[in-house]
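**Q** coords below, sequence missing:
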């Protein structure tokens, strides 16, 4: 796959995000900017850049007429779509600060953010969302109003009630000649984005216009989209990875953004939209891979053909990227002798068709990409590049390029971004992409950004030949009672490479050995239980000795590349997945380790008592 090439837009004079939108609308006013499915008709409708800018102006006038204080925070609790884009752009155009919220976050967390950020205006899709947040009971003295974009709210006549307006009325209350406040400057805030908070309360990361514009300009030099590209937007816009990579970057390049209807309908939307650029977390690639393996597992012949195509394709990829030749594991047996054009036609093309068949670059970030997943997709021809970043760096620090792609690393630092290895092998970052600080938390800011402006990432890493390889989280290193150190995330990634294990959580802090809690995939568990003569619907079957032995045998094989002390010696199987709704995952799909420890405290203790 050749590197994407285009003439980079001249963004030298652009310093803020409103200037970026104005630049794009002036440069390509009639090109398609956004595409969205009308839920009522099922038809996809488009908006040009000039139409998008006019829509933003209308929303900007409504904000200006709302009497908000200068620099007011505007919280956005909306799914990805034209409304979310419009309020975000309008907030910035009027010198206000967007506070993006996860649409599926729990009401208590949302209420905390509204209170902490001193939000003046909340925009929701359904007034019922506001009712749930209000029901938490936290005082919100700065909140002046709520706007509901979809369902008309029922008015509360109470004297202290926050006024709730339907979108149409809110937009119409502004006159066409409503004057707009002064636009923001480069050092003004472009957003306060709250980190997920795997432990404790989330912190508001202050990102300036200069931060975001610097990251967009740097990413453009590594991932080079064109005005002909189509992005499929499905990661929440409350995630900085999507904001920069899937939202502001297409404005800079003039690419079209199509909004997926939902994650549940993503497979169908891939086929309809046929995107050329994907920006995703590993979980999406893992789901496609798991479904593929599940489909193939019923046919040994098809599985061997798949393994042969993956092995031959991976060897071709390594040769093209000048990476060390992979070791021969024998997968696919004699079928490896089949010519690549035949393997590509029988295996690779049907897989790539699941993504729409014309992806030019697929970016994975937000969490580590399991090596087995990377090898599968790269071997079968998906142009997949892995990157690295964090909310505090706007977020992209590094990313591989299509013609310089080592999937065991997260690529080279972007132009203008400095990286180094500090104490305890911590990756440190410096440059214009580093946040202004944490909202109302100067002590936390001082701890995060040290002398000379170096931001500590909390990730251990090594830099080899200019490429960054992430080794694990500093704070998540498990130290057993025997003094051995085990990075749980790496081990969990290895375990979930088996389709049986939907999720895995490794424990062992100050314990004599490593143990694991694993959530099983429903169909895979049903097959295994049948083989063992167990009733898959009986919860007691998960704890049956034969099930535990079979699971541990798989885990031991999966962890063969780890030191012996890191291989789990006990496992507790569960059927209930860990989700945002049950508060065991963050909105960015990271494990809430403290919550999991508390939730499974008895089961964890039992594993160690049995041993």
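**A** Structure's in. What do you need? Only a predicted model underlies this, so the values are computations on that prediction, with no experimental measurement involved.
**Q** what bits of the protein have low per-residue confidence?
**A** 1-7, 152-159, 196-200, 329-332, 611 (pLDDT under 70).
**Q** report the longest strand in it, please.
**A** strand 455-464 (DSSP state E).
**Q** hmm, who's touching that strand?
**A** With C-beta atoms under 8 Å, 6 or more residues apart in numbering as the test, strand 455-464 has contacts from 390, 392-393, 397, 409, 419-422, 424-430, 434-435, 448-450, 468-475, 487. Every residue, glycine included, has its C-beta placed from N, CA and C.
**Q** name the helices or strands packed onto the helix or strand just after that strand?
**A** Following strand 455-464 in sequence order, the next helix or strand is strand 467-473 (DSSP states H and E). In terms of contacts (3 or more C-beta pairs under 8 Å, 6 or more residues apart in numbering; DSSP states H and E), strand 467-473 is packed against strand 412-413, strand 455-464, helix 488-495.
**Q** re earlier: now the longest strand of the chain, how far from the chain's geometric center?
**A** 20 Å (C-alpha atoms, centre = their mean, to the nearest Å).
**Q** picking that back up, which one of the helices and strands packed on strand 467-473 lies nearest to residue 326?
**A** Closest to residue 326 of the helices and strands packed on strand 467-473, according to C-beta to C-beta: helix 488-495, at 17.3 Å.
**Q** Counting by contacts, list what that closest one packs against.
**A** strand 467-473, strand 501-507, helix 545-558.
**Q** and with 6 Å instead?
**A** strand 501-507, helix 545-558 (3 or more C-beta pairs under 6 Å, 6 or more residues apart in numbering; DSSP states H and E).
**Q** thinking again about what came up before, pull out the buried members of the contacts of strand 455-464.
**A** The neighbour count (16 or more other C-beta atoms under 10 Å) marks 390, 392-393, 397, 409, 419, 426-430, 434-435, 448-449, 468, 470, 472-474, 487 as buried among those.
**Q** Can you flag which of these belong to helices?
**A** Among the buried ones among the contacts of strand 455-464, the members found in helices (DSSP state H) are residue 448.
**Q** How is this protein divided into domains?
**A** With domains defined by automatic domain parsing, the chain comprises 17-185, 478-610.
**Q** In CSV, list those domains along with distance to residue 345.
**A** CSV is the format used below for the domains of the chain (distance: least, C-beta to C-beta, whole Å):
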stretch, distance to residue 345
domain 17-185, 30
domain 478-610, 26
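**Q** The ones you listed: which one's closest to residue 386?
**A** Per C-beta to C-beta, nearest to residue 386 of the domains of the chain: domain 478-610, 12.8 Å.
**Q** Show me what residue 420 is bridged to.
**A** Legend: beta-bridge partners of residue 420 under DSSP bridges are residue 428.
**Q** Quick check: which of the helices and strands packed on helix 488-495 has the most neighbours on average?
**A** strand 501-507 (a mean of 23; mean count of other C-beta atoms under 10 Å).
**Q** Within its sheet, name the partner strands of that strand and how each one runs.
**A** As defined by DSSP bridges, the strand partners of strand 501-507 come to strand 515-520 (antiparallel).
**Q** OK, contacts around residue 293?
**A** Taking C-beta atoms under 6 Å, 6 or more residues apart in numbering, we find residue 293 in contact with residue 499.
**Q** before we move on, back to that, would CSV of the helices and strands packed on strand 467-473 with mean neighbour count be doable?
**A** Output for those, formatted as CSV (neighbours: other C-beta atoms under 10 Å):
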stretch, mean neighbour count
strand 412-413, 23
strand 455-464, 18
helix 488-495, 22
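**Q** any idea where the strands of the stretch 101-250 of the chain begin and end?
**A** 119-126, 145-151, 164-166, 189-194, 204-208, 230-233 (DSSP state E, counting those that start in this stretch).
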